[in-house]
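# 3D model of this:
(one chain, ligands or ions: 1)
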Amino acid sequence: MIQLTIPLNFLGNMYREIRQALVDMDEMFRLLDQPPEVTDRDGARPLRVDAGEIVFDRVEFGYDPERPILKGLSFRVAPGQKVAVVGSSGAGKSTIGRLLFRFYDVTGGAIRIDGQDIRDVTQDSLHRAIGVVPQDTVLFNDTIGYNIAYGRDDATQEEIEAAARAARLHDFILSLPQGYDTPVGERGLKLSGGEKQRVGIARTLLKDPPILILDEATSALDTATEAGIQAELEAAGRGRSVIVIAHRLSTIADADRILVLEDGRLVEEGTHEALLARGGRYAELWRRQGAEADQAVAAE
Ligand code: ATP
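Numbering: from 1, shown residues only. Below you'll find the predicted structure:
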């Protein structure tokens, strides 16, 4: 009997471990959303980031060959600049971030960082150079500390806490029963959308990349927290090249340049003031969003 239970226990544990590994792998792929067909080229070299210039050069792309999403899109993010991308829903804004991270390869044109085509560099070095604060941060079934440190195995507790402070998460974590060792995710504490997003911000701050992609970084936060985090993101963005995928216009009025994307094409480009003065598509989006905000206030 004993002889039988031991192997069964052993198998049970092994089964649990394998299942756990599969769940984590599944989460990892969701996090990376990485189709397996994008692989390193033979002889791929590590990306060398000097200044952090990003160039989209007549980029064409469609998830489905029958349906083009980006149609010859060209723009440049100068080193250290903050460039925001706006446009109506489905225009292709988030796709820009996914292509820069090389979740998918462009079907025409090229994307270059400091003069290097991102298809010629190792994905590992590319991913290390780019920090992404996504719309929806995926959490691993592990502690909140692990989730912040994810991607920086060598981070010290001090560094983890500094990142958590900068993302306005530290006091919240200290209020949890096991502090930084509190399990989160599906099998642990469920975090709110805003808290998850702050984990994503802390993770990115800790990674300290020269290039940042903020995809609607503060969508799930309340106004007071948003103002605080906005300031932190602002500070975090200094000295880095930043692409903000903006779904609301209020957070990007200070961008160095705003790109207005419609149906996969650039239709306007300039600063907030210049685009408002122009009275075109951006001015229309701005007016419409102002009217929606007024309506929301009136409805409260
Ligand atoms: P929103 O402001 O609503 O987030 P967006 O401008 O960021 O929109 P994208 O997410 O870039 O839009 O999507 C552009 C188009 O590509 C959409 O029509 C969308 O349906 C399609 N699309 C996005 N992701 C995929 C995918 N994984 N597979 C197929 N089509 C996709």
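# could you list the low-confidence segments of this structure?
1-37, 216-226, 228-229, 232, 291-300 (pLDDT under 70).
# any chance you could map the helices in it?
Secondary structure of the chain, counting by DSSP state H: helices at 2-32, 93-100, 123-129, 144-149, 157-166, 170-174, 193-207, 223-237, 272-278, 281-299.
# who's in contact with the fifth one?
Taking Cβ atoms under 8 Å, 6 or more residues apart in numbering as the criterion, the residues outside helix 157-166 that touch it are 145, 148-149, 152, 170, 173, 180, 201-203, 205-206, 232, 235-236. Using the backbone N, CA and C atoms, a C-beta is placed for each residue, glycine as well.
# now, which of these sits nearest Asp114?
Ala236 (20.4 Å; Cβ to Cβ).
# from the contacts of helix 157-166, pick the one nearest Gly72.
For those, the nearest to Gly72 is Ala236 (32.1 Å; Cβ to Cβ).
# contacting residues for the closest one?
166, 201, 204-205, 212.
# and those residues as JSON lines, adding neighbour count?
As requested, the contacts of Ala236 are arranged in JSON lines below (neighbours: other Cβ atoms under 10 Å):
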{"residue": "Ala166", "neighbour count": "21"}
{"residue": "Ile201", "neighbour count": "28"}
{"residue": "Thr204", "neighbour count": "26"}
{"residue": "Leu205", "neighbour count": "24"}
{"residue": "Leu212", "neighbour count": "23"}
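# any chance of the residues you listed in CSV, plus distance to the ligand?
Shown next, in CSV, are those (distance: Cβ to the nearest ligand atom, whole Å):
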residue, distance to the ligand
Ala166, 26
Ile201, 19
Thr204, 19
Leu205, 24
Leu212, 17
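# and the stretch 151-300 of the chain, which residues reach the ligand?
Neighbours of the ligand within the stretch 151-300 of the chain, by Cβ under 6 Å from any ligand atom: His247.
# brilliant, that's me finished.
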